[in-house]
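Colleague: sequence and predicted structure are below.
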Amino acid sequence: MGDIAVTHHYLFWQAVKVLIDSTGHANISTGLAFVKVDEKRQRSINYKSRRQSIKKVSKRASCLSLILSLAIFNAGSVSADSKQATYKLEISVEWSASTAPFEFPEEAAHLSSLVGLTHTDQISLFVDGETASSGLELVAENGRAGILKAQIEEWMRKDRVGALVEADGIKSVPGNISTTFKTTVDHPLLSVITMVAPSPDWFTGVSAVRLYSDDGWVDTIELPLWVWDAGTDSGNTFFAKNADTQPHESIRLLATSHFFNSDGLIKLGTITIERNR
Ligand SMILES: [Ca+2]
């Protein structure tokens, strides 16, 4: 049986070869017909069924190989997916003369460039009740991020920061800020700040928003944006002259009439952090 199959195999490919040589292209079904000329009908059927079973096995092997490849590819994707994520950050600022009318700085009200970072829990950008770093002080008082960015680079060298997060500010409120950033499970926290301007040392932002935990990556998180007092300048109006506070006072929510009314603190806007699909 085995010899017959080998002979048939040989004859088959010889037939195909002749056809290829004479016509310049292969026609498998014609090749089978050619083989049948010198063979008994039953052998031809055996031959065909063997070819079919080889094809079936071959087809199954291809399918299995494809499934295995996809499984390996997917396993890789899942693994990579679980370790890093890309997020879209959107800030919607509603601050205006109607939301916060007290001494509202018409024509001048704006937000400085947004600066932030993804990081570990070993560091923080700002903490309620603690004193401001010199990096935070400069952003809160002048909207300049030079010192803070140098600090972030230093943290990066110690692997406490994953990514620097930056975006344009808002030249005239109300308005929106938008950017995307990547992070990994090693730097699961997000902090961003921007100066509420003009002002002595007021800023807004979020600190240590957790994007990854034992439950996995957060899909979407929406938080209110409050106005904070950095405690580094003693001015108490939007246009107050510089009056450095020494020693620095603690960082606290700003509760002057500028952002506080009978309903409580006035929200500056909303930040939405959404994982990209
Ligand atoms: Ca100061």
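Modeller: It's in.
Colleague: only C-alpha atoms for contact and neighbour calcs from this point on.
Modeller: Fine.
Colleague: residues touching the closest residue in space to residue 122 that isn't next to it in sequence, list them.
Modeller: The shortest distance from residue 122 to any non-neighbouring residue, by Cα to Cα, 6 or more residues apart in numbering, is to residue 160 (6.9 Å). Contacts for residue 160 (Cα atoms under 8 Å, 6 or more residues apart in numbering) come out as 119, 120, 122, 123, 187.
Colleague: just put those residues in a markdown table and tack on neighbour count.
Modeller: Converted to a markdown table, the contacts of residue 160 look like this (neighbours: other Cα atoms under 10 Å):
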| residue | neighbour count |
| --- | --- |
| 119 | 30 |
| 120 | 20 |
| 122 | 8 |
| 123 | 12 |
| 187 | 22 |
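Colleague: can I get these in TSV with pLDDT and distance to the ion?
Modeller: Shown next, in TSV, are the contacts of residue 160 (pLDDT from 0 to 100; distance: Cα to the ion, whole Å):
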residue	pLDDT	distance to the ion
119	98	26
120	98	27
122	98	25
123	98	22
187	98	30
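Colleague: in strands only, show me those.
Modeller: residue 119 (DSSP state E).
Colleague: which ones are touching the closest residue to residue 84 other than its chain neighbours?
Modeller: Once flanking residues are discounted, residue 84 sits nearest to residue 184: 4.0 Å by Cα to Cα, 6+ apart. The neighbourhood of residue 184, defined by Cα under 8 Å, 6+ apart, consists of 83, 84, 85, 162.
Colleague: cutoff 10 Å now
Modeller: By Cα atoms under 10 Å, 6 or more residues apart in numbering, the residues touching residue 184 are 80-86, 118-119, 162-163, 211-212, 217.
Colleague: ok, residue 178 next?
Modeller: 88-92, 114, 166-169, 271-273.
Colleague: run through the bridge partners of it.
Modeller: Counting by DSSP bridges, residue 178 is bridged to residue 90.
Colleague: what is the neighbour count of the one residue in the stretch 51-200 of the chain that gets nearest to the ion?
Modeller: At 6.3 Å from the ion, residue 137 is the closest residue in the stretch 51-200 of the chain, using Cα to the ion. Neighbour count for residue 137, taken as other Cα atoms under 10 Å: 25.
Colleague: sec struct for it, please.
Modeller: At residue 137 the chain is in helix, as set by DSSP: H, G, I helix; E, B strand; the rest coil.
Colleague: so which of the contacts of residue 184 are in strands?
Modeller: 84, 85, 86, 118, 119, 162, 163, 212, 217.
Colleague: surely the fifth one touches residue 191?
Modeller: Yes. A contact is recorded between residue 119 and residue 191 when judged using Cα atoms under 10 Å, the distance being 7.9 Å.
Colleague: what's the overlap in contacts for those two?
Modeller: 125, 164, 208, 209, 210.
Colleague: OK, contacts around the fourth one?
Modeller: Applying Cα under 10 Å, 6+ apart, one finds that residue 209 lies in contact with 118, 119, 188, 189, 190, 191, 192, 221, 223, 273.
Colleague: now do the buried residues in the helix or strand in which the fifth one is found.
Modeller: So that's residue 190. Using DSSP states H and E, the element containing residue 190 is strand 189-197. Buried residues in strand 189-197, counted by 16 or more other Cα atoms under 10 Å: 189, 190, 191, 192, 193, 194, 195, 196, 197.
Colleague: got it, and stretch 142-154?
Modeller: So, applying 16+ other Cα under 10 Å, buried residues of stretch 142-154: 142, 143, 144, 145, 147, 148, 149, 152, 153.
Colleague: swap in stretch 251-264?
Modeller: Those would be 251, 252, 253, 254, 257, 258, 259, 260, for stretch 251-264 by 16+ other Cα under 10 Å.
Colleague: filter the contacts of residue 184 down to the buried ones, ChimeraX style.
Modeller: Buried residues among the contacts of residue 184 (16+ other Cα under 10 Å), as a ChimeraX selection:
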select :84,85,118,119,162,163,211,212,217
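Colleague: quick check, nearest of the contacts of residue 184 to residue 179?
Modeller: Of all the contacts of residue 184, residue 179 sits closest to residue 86, with 10.7 Å by Cα to Cα.
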